[in-house]
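A.B. asks: build me a structure from this.
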Amino acid sequence: MTGASRPRRILVLTGLSGAGRTTALKSLEDMGWEVVDNVPLRLLERLLESPPPAGALDEDRPFALGIDSRTRGFDTGRILSRVSKLREDLDVSVLFLDCAGAELARRYSETRRRHPLAQDRPAEDGILRERELLAPLRAAADHLIDTTGLTTNGLQAEMRALFGADGAGGPTLSIMSFGFSRGVPRQADLMFDMRFLRNPHWERDLRPLTGLDRPVADYVAADPAYAEALERIEGLLLMLLPRYAGEGKSYVTVAIGCTGGKHRSVHVAQRLTETLRAAGFSPTLTHRDLVR
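C.D. replies: So this is what the prediction gives:
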């Protein structure tokens, strides 16, 4: 393989059908990756040796290959063997997109598409068969994203956090607010419950506002337990994040929850983000349920 055409990074993106592979590949493309979908892995070396696309500004840009059970000649053993061989010369990693079976079945029902492994049977049959087929790839993956509770925007944010930069100097950090009434985020590494703070929802003037508004922030911050609780949470994060970096953890999600994800969690997530940025970290802040 010639050095002139060799990408600096290769990602094999796979996972369950319906788990968001198309969205993930589009996110990588938007971030400047060269993306190819459903090319047989045996052709990968030839593809990498070919000249970059016409007009490409960076011949050394990272490369992503999408592959799943629909790929011609799909075989998990061959895929893992090919990845192992490529790693002898290149920086190659595997991303697996997972999702709960019930959620996948719901997505297929809403879109009225047939599952690729169950053309003449219920989608649940294909989901189960594909999960068993892909189990070795899931076990060997370097990165795992569970898209069960993620919106399209949520998955795009996950992709940006993981692959938007080469990210030296510590784990990629995400701060997320959410509402327990809509379920806990499955991808959270650390989770803090703000339901012990007094709830602006019960104040008529504050109910239409959000945690981004100053009256709500002032109301939450006036709770007698607020100052000590936030000080302890901030101290814990400032202690843990360098330890995560020392252990080689590349991605940390901190989830802050309240009942509806509109007031208390939003304000606290905003404050934690500001504190961590002041301490030299670069967290990405998202409010999962605020738009709802």
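A.B. asks: what is the helix or strand hosting M159 packed up against?
C.D. replies: Assessed by DSSP states H and E, M159 sits inside helix 152-163. Applying 3 or more C-beta pairs under 8 Å, 6 or more residues apart in numbering; DSSP states H and E, one finds that helix 152-163 makes contact with helix 21-30, strand 143-146, strand 172-179, strand 284-287. Where you see a C-beta, it was placed from the backbone N, CA and C, and this is true even at glycine.
A.B. asks: pick the most deeply packed of those.
C.D. replies: With neighbours defined as mean count of other C-beta atoms under 10 Å, the helices and strands packed on helix 152-163 peak in mean count at strand 172-179, which reaches a mean of 24.
A.B. asks: got the CA coordinates for the helix holding M159 in PDB?
C.D. replies: What follows is helix 152-163, C-alpha atoms only, in PDB (Å, rounded to 0.1, in the frame of the first residue of the first chain):
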ATOM      1  CA  THR A 152     -31.100  11.400  15.200                       C
ATOM      2  CA  ASN A 153     -29.600  14.600  16.700                       C
ATOM      3  CA  GLY A 154     -28.500  12.600  19.700                       C
ATOM      4  CA  LEU A 155     -26.700  10.000  17.600                       C
ATOM      5  CA  GLN A 156     -25.000  12.800  15.600                       C
ATOM      6  CA  ALA A 157     -23.800  14.400  18.800                       C
ATOM      7  CA  GLU A 158     -22.400  11.100  20.000                       C
ATOM      8  CA  MET A 159     -20.500  10.700  16.700                       C
ATOM      9  CA  ARG A 160     -19.100  14.200  16.900                       C
ATOM     10  CA  ALA A 161     -18.000  13.600  20.500                       C
ATOM     11  CA  LEU A 162     -16.300  10.300  19.500                       C
ATOM     12  CA  PHE A 163     -14.900  11.100  16.100                       C
END
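A.B. asks: angle of it against strand 172-179?
C.D. replies: 160 degrees (axes from the mean of the first three to the mean of the last three C-alpha atoms, to 10 degrees).
A.B. asks: show me which positions of helix 152-163 end up buried.
C.D. replies: Within helix 152-163, the residues scored as buried using 16 or more other C-beta atoms under 10 Å are G154, L155, Q156, A157, E158, M159, R160, A161, L162, F163.
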